[in-house]
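> Need the 3D shape of this:
(one chain, ligands or ions: 1)
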Amino acid sequence: MADRPLTLMAVHAHPDDEATGTGGVLARYAAEGIRTVLVTCTDGACGDGPGGVKPGEEGHDPAAVAALRRTELEASCRVLGVDHLELLEYGDSGMMGWAANDAPGSFWGTPVAEGAARLAELLHRYRPDVVVTYDENGFYGHPDHIQAHRITMAALELVPDVTSKVYWTTAPHSAMKRFFAAMQEFGTDWDEQAGESAGPDAGPDGGAPELPPIGLPDEEVTTWVDTHAFGGQKYDALAAHASQGENIFFLRMGRERFTELMGTETFVRVRDTTGAALPEQDLFAGLR
Ligand SMILES: [Zn+2]
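Have a look, this model is predicted:
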């Protein structure tokens, strides 16, 4: 047995990503007595301000937005039972192509080695058995998500002997179809949900929009974790991020539909020293 508690570390880009992508596993593993650590890389200052004011609009005060989102993040962590919240406090880079990409202190403009060195310190401190982050496209192309992926993978190289299992969040194509159907039903679209850069464009003949190139064919998903029992906590964690308009779609669904749609969290396993058979239903399979 290890001389420390089994530990899950999730590395996310912005306040609220912990809830959408990994709220279920954070809540479930906390309930199972596993120590949970959330690393949030940016301050989220390019998010919506109070009253839904968008970045670049009059009255959008990035410092006030960052402060509000920090409060929301702390509330979300309480809901999910996160034991340790670590903030890297890089500047939110905004969507791809925004001026904020190149602003001083932006996460996207930070050398990967610098961010990785800071994250490596946290790997040394917490010695997580399992680390979760995004794939190389940051799941949907957001620069801060891509950068979170890059610093995480680089930090794991700097601290090679600690973490037994590494995962990237993903969505099986079957779930993406249900997700887009629910979006239509609840009157939102992908642009509104994800920002304009990743949206499905109308087909060349003006036909049905194509789905954005995200997620994986079902057979490539390695790890399916049932978190339905924690759907209420995941919903409440998202509700804690009420200032962010993109979350309203989820909340509009109500708890039950939300849990039905978002109650299985899926991952692709990219590193493993345990030999646990695939597909698996537990991030900690082979570790306990
Ligand atoms: Zn994000």
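> What residues does G109 make contact with?
By C-beta atoms under 8 Å, 6 or more residues apart in numbering, the contact set of G109 is 93, 101-103. The way it works is simple: take the backbone N, C-alpha and C, and place the C-beta from them, glycine included.
> pretty sure it is in a strand, no?
No: membership of G109 in a strand is not supported by DSSP: H, G, I helix; E, B strand; the rest coil, which gives coil.
> about what we covered before: now the buried members of the contacts of G109.
Among the contacts of G109, those scoring as buried are 93, 101, 103 (criterion: 16 or more other C-beta atoms under 10 Å).
> helix/strand/coil for the first one?
By that I understand S93. Once three-state DSSP is applied, S93 turns out coil.
> my guess is it contacts F107, does it?
Yes: shown here, S93 and F107 form a contact pair, counting by C-beta atoms under 8 Å, at 5.2 Å.
> Mutual contacts of these two, please.
Contact with both S93 and F107 is made by residues 42, 143-144, 147, according to C-beta under 8 Å, 6+ apart.
> Include pLDDT, distance to R252 and secondary structure when you put those residues into CSV, please.
Listed next are these as CSV, based on pLDDT from 0 to 100; distance: C-beta to C-beta, whole Å; DSSP: H, G, I helix; E, B strand; the rest coil:
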residue, pLDDT, distance to R252, secondary structure
T42, 98, 26, strand
P143, 96, 28, helix
D144, 97, 26, helix
Q147, 98, 30, helix
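> Show me which of the buried ones among the contacts of G109 is closest to L26.
Set against L26, the nearest of those by C-beta to C-beta is S93 (24.1 Å).
> Run through who's touching the host helix or strand of G254.
Assigned by DSSP states H and E, G254 belongs to helix 248-262. For helix 248-262, contacts defined as C-beta under 8 Å, 6+ apart pick out 20, 24, 175, 178-179, 182-183, 186-188, 192-193, 228, 231-232, 234-235, 238-239, 242.
> low-scoring stretches of this protein, by residue?
Residues of the chain meeting the criterion pLDDT under 70: 1-3, 191-212.
> Residue of it nearest the ion, please.
For the chain, the residue closest to the ion is H14, as judged by C-beta to the ion, at 3.6 Å.
> sec struct for that residue, please.
With three-state DSSP as the criterion, H14 reads coil.
> Which residues are in contact with the nearest residue to it once chain neighbours are set aside?
Distances taken as C-beta to C-beta, 6 or more residues apart in numbering place G44 nearest to H14, at 4.5 Å, with adjacent residues excluded. Counting by C-beta under 8 Å, 6+ apart, G44 makes contact with 14-16, 65-66, 69-70, 73, 92.
> Where neighbours are concerned, which of those residues has the most?
Within the contacts of G44, most neighbours by other C-beta atoms under 10 Å means P15, with 32 neighbours.
> ok, it touching T71?
No: judged on C-beta under 8 Å, P15 makes no contact with T71 at a distance of 9.2 Å.
> follow-up on the earlier one: take the contacts of G44 and write them to CSV, including distance to T259.
Below are those laid out as CSV (distance: C-beta to C-beta, whole Å):
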residue, distance to T259
H14, 23
P15, 22
D16, 18
V65, 29
A66, 30
R69, 25
R70, 27
L73, 22
D92, 29
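> Among those, which one lies nearest to Y126?
Of all the contacts of G44, L73 has the smallest distance to Y126: 18.1 Å, by C-beta to C-beta.
> My guess is the closest one contacts L85. True?
Yes: here L73 lies in contact with L85, judged by C-beta under 8 Å, at a distance of 7.0 Å.
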